[in-house]
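Engineer: Test case, fold it:
(2 chains)
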Amino acid sequence: AQSVTQLDSHVSVSEGTPVLLRCNYSSSYSPSLFWYVQHPNKGLQLLLKYTSAATLVKGINGFEAEFKKSETSFHLTKPSAHMSDAAEYFCVVFSWGKFQFGAGTQVVVTP
Amino acid sequence: DVKVTQSSRYLVKRTGEKVFLECVQDMDHENMFWYRQDPGLGLRLIYFSYDVKMKEKGDIPEGYSVSREKKERFSLILESASTNQTSMYLCASSLDWDEKLFFGSGTQLSVL
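Structural biologist: All right, here's what the predicted structure looks like:
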């Protein structure tokens, strides 16, 4: 069985400082991994996808994620937060025909 | 641009009513999904379909059924709505197995 654990339900950062959103997964086989973002009152949007081609994946809006098989982690980072990054972020694992979503991390960006 | 359209943004129903949530995609995608989103629980898969006439149960199918008579349309049915089915319902589609999901804007259902 697969599962996804987002280690922080809320993260608060100051504008211009780094953002780290933590995600651990469990899966019987090598999964496909994703990060999605949901801005207030907007639909979910794909940030990036891990396809096993490279362990460091670059996404949109300056985000990137690193796949670490030994730690079963897929943490999302951004070097410098912007006010527009305030949103909810979901880590997702795809395995055996199903997408499994984490519980989400709410990001607050303060000026 | 790719589009997944959910018929209603907000819906209010009474306990015991039969409720239909409609979803249409214009991308000729094979795969369609229904999720519900609740605070602190993320998105949970209700049902999915990999082909017309085919449907598979997700993680929380109890109290729901689905219909996919045409490739572009995937309907979620609440046979007898209950208050614990008050939630945001999200429809999604994808071109292939583990490809990007395209989401609709959601239907906020309140069951009173």
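Engineer: and the longest strand for the chain?
Structural biologist: Picked chain A for this. What stands out as the longest strand in chain A, according to DSSP state E, is strand A:87-95.
Engineer: Actually, chain B is the one I wanted.
Structural biologist: strand B:42-51.
Engineer: Give me the buried positions along the helix or strand bottoming out on mean pLDDT in chain A.
Structural biologist: Within chain A, no helix or strand scores below strand A:98-101, which has a mean of 88 by mean pLDDT, DSSP states H and E. For strand A:98-101, burial by neighbour count (16 or more other C-beta atoms under 10 Å in any protein chain shown) applies to A:F99, A:Q100, A:F101. The C-beta positions use only the backbone N, C-alpha and C, and glycine is treated the same way.
Engineer: And the contacts of the longest strand of chain A?
Structural biologist: Residues outside strand A:87-95 that contact it (C-beta atoms under 8 Å, 6 or more residues apart in numbering or on different chains) are A:2-4, A:6, A:21, A:23, A:25, A:27-29, A:31-40, A:44, A:47, A:74, A:76, A:99-102, A:104-107, B:42-43, B:97-98.
Engineer: ok, the spatially most central residue of chain B - contacts?
Structural biologist: Chain B has B:W34 as the residue nearest its centroid, 3.0 Å off, counting by C-alpha atoms, centre = their mean. By C-beta under 8 Å, 6+ apart, the contact set of B:W34 is B:21, B:23, B:45-48, B:58, B:64, B:66, B:74, B:76, B:89-91.
Engineer: Mind listing the strands the longest strand of chain B pairs with, and their directions?
Structural biologist: Neighbouring strands of strand B:42-51 in its sheet, by DSSP bridges, are strand B:31-38 (antiparallel), strand B:54-57 (antiparallel).
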